[in-house]
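Undergrad: Below is the sequence, then the predicted model.
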Amino acid sequence: MISHAPAQFAGALATGLSGGLLSGLFGIGGGVVMIPLLALWLRLPQLQAQLISLTVMVLPIRFPGVLVYAGGTGFPWLILGGLASGFPFGTYLGAALALSVPARRLRGAFAGLMLVTAGMMLWKG
């Protein structure tokens, strides 16, 4: 049996580098980039891509980017407190809902969310 672990690790490394670079550059959560890349480059199912994206958000690997931004803009502690308080409940409810939606519809909804977000950015920009 041939192991594909080195190639899979290399793909994950490239995805992490790309997602981290774009997250730091644009201040995005990473899921906007990570989920499509995990699905396209690593051929992961939508739910696994979402699981990995959520897991990366929990890990302290984004701390260097936080330090750079906090040093340049100050840190809005009150907003962070509100987000940190509501986010766990929202992710629990969202994950439970995602498990009940067919994968094709979930991918379509995700793509639609990205299009609506892009439209809002262009319209307000």
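TA: Arrived safely, thanks for sending. Note that the structure is predicted; figures quoted are calculated from it, not measured. Numbers count the residues shown, from 1 in each chain.
Undergrad: Now for Met34, how many residues are close by?
TA: Residue crowding around Met34 was assessed by other C-beta atoms under 10 Å; the count is 25. Bear in mind the C-beta positions are built from the backbone N, C-alpha and C, glycine included.
Undergrad: Which pLDDT value belongs to the residue lying closest to Ala12 once chain neighbours are set aside?
TA: Nearest non-adjacent residue to Ala12, counting by C-beta to C-beta, 6 or more residues apart in numbering: Leu42, 6.5 Å away. Here the pLDDT value assigned to Leu42 is 85.
Undergrad: any idea where the helices of this structure begin and end?
TA: Secondary structure of the chain (DSSP state H): helices at 5-26, 31-40, 46-58, 63-73, 77-98, 103-124.
Undergrad: if you compare those, which one is most tucked away?
TA: helix 31-40 (a mean of 20; mean count of other C-beta atoms under 10 Å).
Undergrad: Show me what that one is in contact with.
TA: Contacts with helix 31-40, where a contact means C-beta atoms under 8 Å, 6 or more residues apart in numbering, come from 15, 18-19, 22-23, 44-46, 48-50, 52-54, 56-57, 107, 110, 114, 117.
Undergrad: same check, this time on stretch 67-87
TA: Everything outside stretch 67-87 that qualifies as a contact, by C-beta under 8 Å, 6+ apart, is Gly24, Gly27.
Undergrad: how about that stretch as CSV, C-alpha atoms only?
TA: This file holds the C-alpha atoms of stretch 67-87, laid out as CSV (Å, rounded to 0.1, in the frame of the first residue of the first chain):
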residue,chain,number,x,y,z
LEU,A,67,-0.4,41.1,17.3
VAL,A,68,0.4,43.0,14.1
TYR,A,69,-3.1,44.4,13.8
ALA,A,70,-3.5,45.2,17.5
GLY,A,71,-0.2,47.1,17.4
GLY,A,72,-1.3,49.1,14.4
THR,A,73,-5.0,49.8,15.2
GLY,A,74,-5.6,49.3,18.9
PHE,A,75,-7.8,46.5,20.3
PRO,A,76,-11.6,46.7,20.5
TRP,A,77,-12.0,44.6,23.7
LEU,A,78,-15.7,45.2,24.1
ILE,A,79,-16.5,44.0,20.6
LEU,A,80,-14.2,41.0,21.0
GLY,A,81,-16.0,40.2,24.3
GLY,A,82,-19.4,40.2,22.6
LEU,A,83,-18.2,38.1,19.6
ALA,A,84,-16.4,35.6,21.9
SER,A,85,-19.6,35.3,24.0
GLY,A,86,-22.0,34.7,21.1
PHE,A,87,-19.7,32.8,18.7
